[in-house]
Structures are given as structure tokens and as C-alpha cells.
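Undergrad: pasting the sequence and the predicted coordinates here, then a few questions.
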Amino acid sequence: MLSNNKNLRMERREVIKNIALMVGGSISLPTLMAMKLHESGLSNSLDFTLSASQRKLLAEVAEIIIPRTDTPGAIDAGVPAFIEMMLKDCYTLPEHQSFIEGLDALNSKDFLNKNMADKISILTAIEQESKALMKAYNVQQTKMGDNEDKELMNAQKKGLPFWRLIKELTLLGYFTSKVGVNASFEFVLVPGRFELIKLKPGQKIFAY
């Protein structure tokens, strides 16, 4: 994956900025910290492993977020393995708990055995619920540092909501993979003059 290439760090940061627009705002602090840790080559070394059934759920949701059409989808780009790796190596316990709780909630709804329309309906509802969860999460972050007992607050702290986590990491994994870059951008080795170009219908934007 391109995300493992140290020579492409600047390009990756630009990708992250673009992903921020895709998810409707700035990239969350846990994901920014995870990316910083990933680029440093360090690891949290926490015990985080998904079961086979959880991996199936993860792959299905990632593929719904970026499905295979006339271009490769999330599974083609290796996104599920990327997400599990990032969670294990670069995120902390609150995000691990949020992610597992999100997968368990989907499993309780028998998500994998639903038809596509029902799956999309379930994920749409989760996305709506996540808006309220993100508000609570942001309030929680601003209260850290008050005069309350920090150890107690840390023990009760909720991680980034499941939907925000999986959406950010799906986009990040896809657009920093060779498959995702090739599917989404047209590489131009020698761009020529710097000028405005009107793209033709269906034409990919340029990556120099």
C-alpha cells in the first residue's frame, strides 16, 4: 500500500485533507494521532484482534461505503486488512471498544443476512445516530482537563463513534492504496504548462 511508503508522506497528507472534506469536516483527532503514530513506524502494541465473523462484517461495511463498480471497491484495495492494522497499531482502547461495540450491534441485527436495501437502511440509521454521538464525544473532549478526577473520566471515556471510525479509515485506506489512487486519479508524469483544464465527462482528475 502507498501508506507504507515514507517518500509519499506529503502526498498522503494532501489525501487526508481531501478525505476530511468527504466526511463532512475535519479528520478526527484520534485518526490524526493514529496517522502520526503510523508514519513514525511505532506501534501501540495493544491486544486487538477481530474474529472471522467480525472481519466479514468489517469487509461488508467497507465495501458498501466504497463498492466495486466500474472501478475497484474497498475489498479490492485491501481496506479491511488496513483498518484492522490501523486499529491494532495506532488507536487506543476507547476506539477499540467503540469499534467492537459497533460490529456487535450490526451482528445483533443479523446484518450479513439482510438484503442490500436493508443493509443500507441500517447503516443510514447508524450514521444519523452518530451525529448525536459525535456531539457528545466533542463535549467529552472539551471537558477533559477540568477539575474533575481525570482517572475516573478516562475510565468512563467513550471512543470515537463506530461509524466515524469505519468511514474515516475506509476512505483513508482506499485513497492511500495503489488500487484506490489508480482508480481515482489519472497519473501525469510530465504535466506540461500550469493552466486550467476543463475535464471531459467521466475524466479523472490529475495526480502529478
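TA: Structure received.

Undergrad: show the pLDDT at residue 166.
TA: In this model, residue 166 is scored at 95, pLDDT.

Undergrad: longest helix anywhere in the protein?
TA: In the chain, taking DSSP state H as the definition, the longest helix is helix 116-143.

Undergrad: tell me the average confidence for that helix?
TA: Rounded mean pLDDT across helix 116-143 is 82.

Undergrad: show me where the protein has helices.
TA: Going by DSSP H, the chain shows helices at 9-22, 29-40, 52-65, 79-90, 93-108, 116-143, 150-156, 162-175, 178-184.

Undergrad: which of the ones you listed has the lowest mean pLDDT?
TA: Sorting the helices of the chain by mean pLDDT places helix 150-156 lowest, at a mean of 44.

Undergrad: that older thread, so which elements touch the longest helix of the chain?
TA: When contacts are defined as 3 or more CB pairs under 8 Å, 6 or more residues apart in numbering; DSSP states H and E, helix 116-143 sits against helix 52-65, helix 93-108, helix 162-175. In this view, the C-beta of every residue, glycine as well, is placed from N, C-alpha and C.

Undergrad: which one of these lies nearest to residue 83?
TA: helix 162-175 (4.5 Å; CB to CB).

Undergrad: what helices or strands is the closest one leaning on?
TA: Using 3+ CB pairs under 8 Å, 6+ apart, helix 162-175 sits against helix 9-22, helix 29-40, helix 52-65, helix 79-90, helix 93-108, helix 116-143, helix 178-184.
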